[in-house]
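> Here is a sequence together with a model predicted from it:
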Amino acid sequence: MTTPESRLRVANRAQVLDLLGRSAPVSRAELAQRTGLSRSTVSSIVQELLASEQIVETTGDTLARGGGRPPSLLTISGSPGTLIGVDIGHRHVRVAVADLAAKPLVEREIRLDVDNSAVETIDRAAALVRECLTEAGIDPRTDRVLGVGMGIPGPVDPHSGIVVSPILGNWMDLAPGEELARRIGLPVQIENDANLGALAEIEYGAARDIDDVIYVKASSGIGAGLVLAGKLYRGITGIAGEIGHVRFEDNGPICRCGNRGCLEKAFGGSRLVELLQPAYDETLSVERLLELAQEGDIRVNRILDDAGRAVGRVLADLCNHLNPALIVVGDTMRHSESFVLGIKDSIDRFTQPDTAAALDVVPSELGDKAGVMGALVIAGSATSAQPPGTI
């Protein structure tokens with residue numbers, strides 16, 4: 001999706017806007033000094049921001065050194081602007097309204113059966129966006145919303161924005177980005193949630209400054225986001241990284257994707273709960289399994305180690321093909337040391353020695369926030385500001 005150069009450009013642009021939004025009018029020279037950017041970089045960004053009317057130029061009152069003309073000063077045009085991130089998981093909707101540096105001003109989350117309620121989910125997400133804007137004191141009639149990013153827990157066609165896989169059955173053939181845009185009156189950029197996790201970790205988390213990364217989203221389901229040579233890789237139809245639907249057992253049960261014996265069906269969090277439930281009097285959940293694991297429960301840690309090794313076996317084949325520098329384990333399974341170590345053990349065993357030697361496996365730094373932070377990343381990559389008064 002983005003190259004290292006374009007990501008740097010977006011970050012530099014956000015830095016300039018953030019400084020202008022927090023200070024009195026400043027000159028180009030002062031911008032360069034205070035941001036640490038080169039004068040040529042500042043000049044290029046300033047011209048872009050002036051053209052998009054995000055900033056305005058005024059004349060200072062103080063004469064320049066030597067008695068020359070007062071310097072031209074730059075300031076934000078109206079409101080500095082905000083970003084909106086919408087993270088839709090299998091069981092939640094999370095919305096953040098953030099500043100231009102992607103620092104959340106307001107965050108809200110609701111619990112919802114997302115898989116079986118596509119229209120209701122989008123309705124609730126739109127309502128949550130409006131609530132967050134109100135709480136943040138953002139008036140859409142006068143303030144600029146510069147971008148909206150949205151993630152969903154299933155593959156999205158990168159060309160049409162339509163859900164293309166039965167993995168998220170009730171959402172099939174729906175264009176969620178367009179549906180949310182119609183409700184809030186702003187263009188929405190949409191992406192698969194694992195891809196957003198990868199982008200977030202590269203921008204703000206464990207994978208900063210690394211160009212070849214696999215982000216593993218592991219909880220009730222299993223998926224991955226792939227970043228190769230600094231670019232998000234989706235594949236021709238948007239289903240790259242769906243490692244949870246690699247066939248793992250030839251005669252395994254039918255999966256929601258339509259295949260049989262998928263990795264997720266054998267070792268996803270929901271399956272682990274099913275396997276362990278008969279041994280416990282209490283009702284288990286994925287979250288409770290992780291609590292038991294941290295308390296040292298031998299049975300739970302053994303199952304989580306087995307699951308990590310199985311996921312690692314699939315990742316090992318992927319690593320032999322892609323030769324990444326880092327695997328980031330995200331979502332709830334990042335809390336399980338047994339799961340992460342199981343992945344590492346399989347990587348060491350099944351990848352080529354040189355591949356394993358160059359590769360590290362680490363838990364996510366952003367945790368549950370990775371999805372919404374990734375949504376803010378794509379919101380911040382919008383090339384131009386949207387006019388006020390559109391929500």
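Received, thanks.

> mind showing which ranges of the chain have poor pLDDT?
For the chain, the stretches with pLDDT under 70 are 1-6, 21-24, 60-70, 78-80, 140-142, 382-391.

> What sits closest to I84 if chain neighbours are left out?
Once flanking residues are discounted, I84 sits nearest to V148: 4.4 Å by Cβ to Cβ, 6 or more residues apart in numbering. C-beta: built from backbone N, CA, C; applies to glycine.

> Which parts of the stretch 151-300 of the chain are helices?
176-184, 193-204, 263-267, 269-276, 286-294, 298-322 (DSSP state H, counting those that start in this stretch).

> Deepest in the core, which of those helices is it.
helix 193-204 (a mean of 28; mean count of other Cβ atoms under 10 Å).

> Please name every helix or strand in contact with it.
Judged by 3 or more Cβ pairs under 8 Å, 6 or more residues apart in numbering; DSSP states H and E, helix 193-204 is in contact with helix 4-22, strand 82-88, strand 145-152, strand 213-218, strand 222-228, strand 231-233, strand 326-330, helix 370-380.

> how far is the fifth one from where the chain is centred?
Using Cα atoms, centre = their mean, to the nearest Å, the mean C-alpha position of strand 222-228 is found 11 Å from that of the whole chain.

> and what of the shortest one?
Remark: strand 231-233 is offset 13 Å from the chain centroid, using Cα atoms, centre = their mean.

> Sheet partners, orientation included, of it?
Its sheet considered, strand 231-233 pairs with strand 222-228 (antiparallel) by DSSP bridges.

> Just give the number of residues close to T59.
Counted with other Cβ atoms under 10 Å, residues neighbouring T59 total 10.

> distance of it from T75?
Separation of T59 from T75 (Cβ to Cβ, to the nearest Å) stands at 12 Å.

> circling back: of the helices and strands packed on helix 193-204, which approaches A101 most closely?
Among the helices and strands packed on helix 193-204, helix 4-22 comes nearest to A101, with 4.8 Å by Cβ to Cβ.

> So what touches the next helix-or-strand element following the closest one?
As assigned by DSSP states H and E, the chain's next helix or strand after helix 4-22 is helix 28-35. For helix 28-35, the surrounding residues in contact (Cβ atoms under 8 Å, 6 or more residues apart in numbering) are 12, 15-16, 19-20, 26, 37-39, 41-43, 46, 71-72, 74.

> The spatially closest residue to M373 that is not a sequence neighbour and L19, how far apart?
Once flanking residues are discounted, M373 sits nearest to A200: 3.9 Å by Cβ to Cβ, 6+ apart. Taking Cβ to Cβ as the measure, A200 falls 23 Å from L19.

> ok, now G342?
45 Å.

> Among these two, which residue is more densely surrounded?
G342 (24 against 19).

> tell me which element the residue lying closest to D306 once chain neighbours are set aside is part of?
Distances taken as Cβ to Cβ, 6+ apart put G342 closest to D306, at 6.9 Å, once the chain neighbours are dropped. Taking DSSP H and E as the definition, G342 sits inside helix 337-350.

> So which elements touch that helix?
Using 3+ Cβ pairs under 8 Å, 6+ apart: helix 337-350 touches helix 298-322, strand 326-330, strand 360-363.

> just the angle between that helix and helix 298-322, please?
Helix 337-350 and helix 298-322 are oriented at 40 degrees to each other (axes from the mean of the first three to the mean of the last three Cα atoms, to 10 degrees).

> how about helix 337-350: buried residues?
S338, F339, V340, L341, G342, I343, K344, D345, S346, I347, F350 (16 or more other Cβ atoms under 10 Å).

> OK, contacts around the second one?
So the one you mean is F339. Here F339 is in contact with A218, L304, D305, A307, G308, V311, V329, M333 (Cβ under 8 Å, 6+ apart).

> can you check the first one too?
For S338, the set of contacting residues under the criterion of Cβ under 8 Å, 6+ apart consists of A293, N301, R302, L304, D305, G308.

> Thought V86 was touching the residue nearest to I84, still the case?
Yes. V148 lies in contact with V86 (Cβ atoms under 8 Å); the separation is 7.0 Å.
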